[in-house]
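Participant: 3D model of this:
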Amino acid sequence: MVKRIDFETYLLMSPSKFIISVNDSKSKEKIFEKKKLLENITESIDFIQLEKFLEDNIIIIEKFLNNFINTINLIIDHKNFFKVQLSVKKDNYGKKINFEDMTYLLNEAKTQCKKTFGERKVLHMCINKYIADQKIYHSFPENFECNDFCLEINFHCLSKDFIQNLEKIFSKYQISLDRLISAPYIKEFLQLENDNFSQ
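Facilitator: Prediction:
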């Protein structure tokens with residue numbers, strides 16, 4: 001196939017619908033979209049209906065693009081996300097808080113989360129607040145001296161089995177999963193009111 005355009009592919013999956021969207025990777029404009037509202041809605045994502053949706057649409061999209069879809073970004077609207085809130089603290093001994101200290105704390109928190117919840121994969125890590133000498137900040141307090149520094153972090157996790165099932169389905173089309181994204185996280189973070197998650 002001759003390459004037609006640089007593009008990104010997104011698939012919103014929920015128990016009630018599937019929406020596949022292809023955007024121009026430079027302009028971010030939508031160049032293709034297909035939706036399917038599901039009739040037999042269950043509490044979880046129906047992998048059989050997902051396979052049928054992909055079977056019906058992947059070849060059509062690839063013909064339209066005159067290119068293969070190699071990777072896809074999955075936006076998952078599902079109740080099986082496991083949310084964990086964790087706080088990590090560092091003695092700072094009156095020194096200025098720096099980016100390296102924050103990075104160290106984030107890595108420490110992620111390591112602890114992985115150890116504790118090994119059967120789940122961390123998809124998102126979001127800092128709720130920064131606490132320096134018991135004062136709360138909602139943005140990183142640069143060049144601030146303190147004795148102790150704490151991060152309050154939310155993790156959005158998903159079962160590794162669930163992810164492996166998705167990988168198996170997409171591998172039938174030689175498509176690998178690029179990013180896995182929690183739809184509730186996006187709605188909360190970006191305050192979206194519609195399904196245009198690919199923006």
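
Participant: is the nearest residue to Y137 once chain neighbours are set aside in a helix, a strand, or coil?
Facilitator: Distance criterion CB to CB, 6 or more residues apart in numbering; nearest residue to Y137, sequence neighbours excluded, is Y130 at 4.3 Å. (Each C-beta comes from the backbone N, C-alpha and C, glycine too.) When classified by DSSP: H, G, I helix; E, B strand; the rest coil, Y130 comes out as strand.

Participant: can you pull the contacts of Y130?
Facilitator: Neighbouring residues of Y130 by CB atoms under 8 Å, 6 or more residues apart in numbering: 136-141, 149-152.

Participant: same question for N143.
Facilitator: 96-97.

Participant: repeat that for L158.
Facilitator: Counting by CB under 8 Å, 6+ apart, L158 has contacts 76, 80-82, 120-121, 123, 180, 182.

Participant: recalculate using a threshold of 10 Å.
Facilitator: 76, 78, 80-82, 120-124, 166, 180, 182 (CB atoms under 10 Å, 6 or more residues apart in numbering).

Participant: for PyMOL, what selects the buried ones among those?
Facilitator: Here is the PyMOL selection string for the buried members of the contacts of L158, based on 16 or more other CB atoms under 10 Å:
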select buried, resi 76+78+81+120+121+122+123+124+166+180+182
